[in-house]
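Colleague: predicted coordinates and the sequence they were generated for:
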Amino acid sequence: MTFLADILSTVFERRYRFRTSAKTDNRPLEALIADLIGATGEVSGLAMAQQILNRYTVLDDDEKRAFFHHLAEDLTISAPAVRAALEAYEKGQSKASYRAFMDAVEPPRQELIRRLNQVPNATHSLVDMREDLLRLGKNDDALQALDLDFRHLFVSWFNRGFLVLRPINWESPAQLLEKIIAYEAVHAIDSWEDLRGRLEPADRRCFAFLHPAMPDEPLIFVEVALTKGVPGSIQNLLAGDRARIDPEQADTAVFYSISNCQAGLAGISFGNSLIKQVVTDLSMELPGLKTFVTLSPIPGLVRKLKADGRAYDPENGERMRSLAANYLLTAKREDGLPLDPVARFHLGNGALVHQVHARADISEKGLQQSAGVMVNYLYDLAKVTQNHERFASTHTIAASSDVRSLSASAEEALV
């Protein structure tokens with residue numbers, strides 16, 4: 001890590017020692033939580049926070065659900081207090097009335113989460129706690145409301161200003177490399193030799209965002225191939241016997257795998273910042289790079305084709321390209337955004353649907369999800385902002401003329 005990152009790690013780790021009581025406090029968690037929220041002593045507060053975190057880790061799912069319901073129902077805002085504070089604020093907008101209103105609208109559970117986070121290394125524990133909350137809180141309005149408080153705090157704690165971009169290479173610590181293998185979510189890494197092929201060659205790059213409070217845990221990482229021209233096949237891109245090139249000869253950077261690593265940080269976006277930072281860094285390192293594209297899966301394609309009763313054959317390349325292009329440009333959710341999650345991500349970042357390739361991923365997963373089809377999303381730096389703004393305001397999808405033509409041919413086949 002850079003010198004600045006080391007400084008941030010020192011600041012955020014807060015590894016000063018404190019003494020906890022040798023005697024375990026066996027009171028109910030509710031009592032410990034109440035005392036922690038009201039604690040005025042730093043050492044006693046840290047001890048209670050540590051006990052709460054320790055106790056939480058051994059709860060079963062039913063007990064965790066009860067823990068979350070206590071936070072959701074007993075540590076929520078008081079509607080009468082909010083109304084009274086708002087009335088007072090409307091009568092006289094002063095520092096005191098505004099502070100009273102702010103205090104009233106913030107639920108006690110937010111202060112609890114902050115105090116829990118004062119314990120060294122607690123941030124990772126709270127991220128894991130939110131992972132449990134998301135898993136156990138499906139279809140539960142109270143727990144979903146509680147999650148908004150976790151998310152509100154996490155958005156601040158994990159904002160771009162605190163993230164450290166770190167290159168990952170074959171010389172990186174083994175502990176970090178093991179995490180890359182474990183968290184790879186797009187194209188599985190089958191062995192250490194497979195990982196080596198993605199990290200060691202000079203025409204390969206990998207970058208991860210880390211947070212100083214979780215220095216050994218990547219939040220998100222992207223794998224990059226430096227190529228001549230835009231590739232249309234993941235198996236060729238990852239082939240062990242492929243021809244390697246000098247990075248100085250490359251004209252294209254291909255983002256072929258982007259993996260979020262922490263389920264407890266779901267809904268907190270890092271990908272947009274990661275791609276933009278990597279593009280900036282690679283452009284400075286290799287001025288010859290002129291094209292920045294992805295080679296992305298289309299995970300919802302087969303499911304949608306089956307739902308619509310549309311016949312498909314992975315061997316019929318032109319037909320599959322047309323069906324995939326049509327899916328990417330026309331399949332929408334109720335809110336008007338693209339049905340495909342990968343498309344939503346890249347189009348939301350300002351990318352353009354550039355090219356569609358048949359038999360581009362003939363792995364079992366690739367055939368099951370997208371009948372082997374993959375897509376390039378192009379990050380045209382001169383148009384990214386314009387594309388993003390149009391997509392955000394009107395859900396307009398930027399696409400090449402080739403992709404639009406393919407989509408139209410699929411529509412004509414239905415007539």
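Modeller: Received it, and whenever you're ready, just let me know what you need. Residues are numbered from 1 along each chain as shown.

Colleague: what about residue 76, distance to residue 32?
Modeller: As judged by CB to CB, to the nearest Å, residue 76 and residue 32 stand 19 Å apart. Using the backbone N, CA and C atoms, a C-beta is placed for each residue, glycine as well.

Colleague: more crowded one of those two?
Modeller: residue 32 (18 against 15; other CB atoms under 10 Å).

Colleague: helix or strand right after the host helix or strand of the more buried one?
Modeller: For residue 32, the element it lies in under DSSP states H and E is helix 29-38. Once the chain leaves helix 29-38, the next helix or strand it forms, by DSSP H and E, is helix 42-57.

Colleague: who touches that following helix?
Modeller: Residues from elsewhere that reach helix 42-57 (CB atoms under 8 Å, 6 or more residues apart in numbering): 18-21, 24-25, 29, 32-33, 35-36, 39, 64, 67, 115-116, 118-119, 122, 125, 129.

Colleague: in this structure, which residue is closest to the centre?
Modeller: In the chain, the centroid-proximal residue (CA atoms, centre = their mean) is residue 260; its distance is 4.4 Å.

Colleague: leaving out chain neighbours, which residue sits closest to it?
Modeller: Leaving aside its sequence neighbours, residue 260 sits nearest to residue 220 (CB to CB, 6 or more residues apart in numbering; 5.1 Å).

Colleague: give me every residue that touches the closest residue to residue 295 other than its chain neighbours.
Modeller: Nearest residue to residue 295, sequence neighbours excluded (CB to CB, 6+ apart): residue 256, at 4.5 Å. When contacts are counted by CB under 8 Å, 6+ apart, residue 256 touches 186-187, 223-225, 234, 237-238, 294-296.

Colleague: just to be sure, residue 281 is in a helix?
Modeller: Yes: assessed with DSSP: H, G, I helix; E, B strand; the rest coil, residue 281 lies in a helix.

Colleague: so it sits against residue 205, correct?
Modeller: No: the pair residue 281 / residue 205 is not scored as a contact, 9.2 Å apart, by CB atoms under 8 Å.

Colleague: do I have it right that residue 395 meets residue 333?
Modeller: No: here residue 395 does not reach residue 333: they are 9.9 Å apart, not a contact under CB under 8 Å.

Colleague: how about residue 264, what does it touch?
Modeller: 126-131, 134.

Colleague: next one: residue 81
Modeller: residue 104.

Colleague: my guess is it is in a strand, correct?
Modeller: No: judged by three-state DSSP, residue 81 forms no part of a strand; its state is helix.

Colleague: roughly how far does it sit from residue 100?
Modeller: Applying CB to CB to residue 81 and residue 100 gives a distance of 9 Å.

Colleague: now swap in residue 372 and tell me
Modeller: Counting by CB to CB - residue 372 and residue 100 are separated by 61 Å.

Colleague: who has more neighbours out of these two?
Modeller: residue 372 (26 against 17).

Colleague: so for residue 395 and residue 333, which sits in the more crowded spot?
Modeller: Comparing residue 395 with residue 333 by other CB under 10 Å, the one with more neighbours is residue 395, at 16 against 12.
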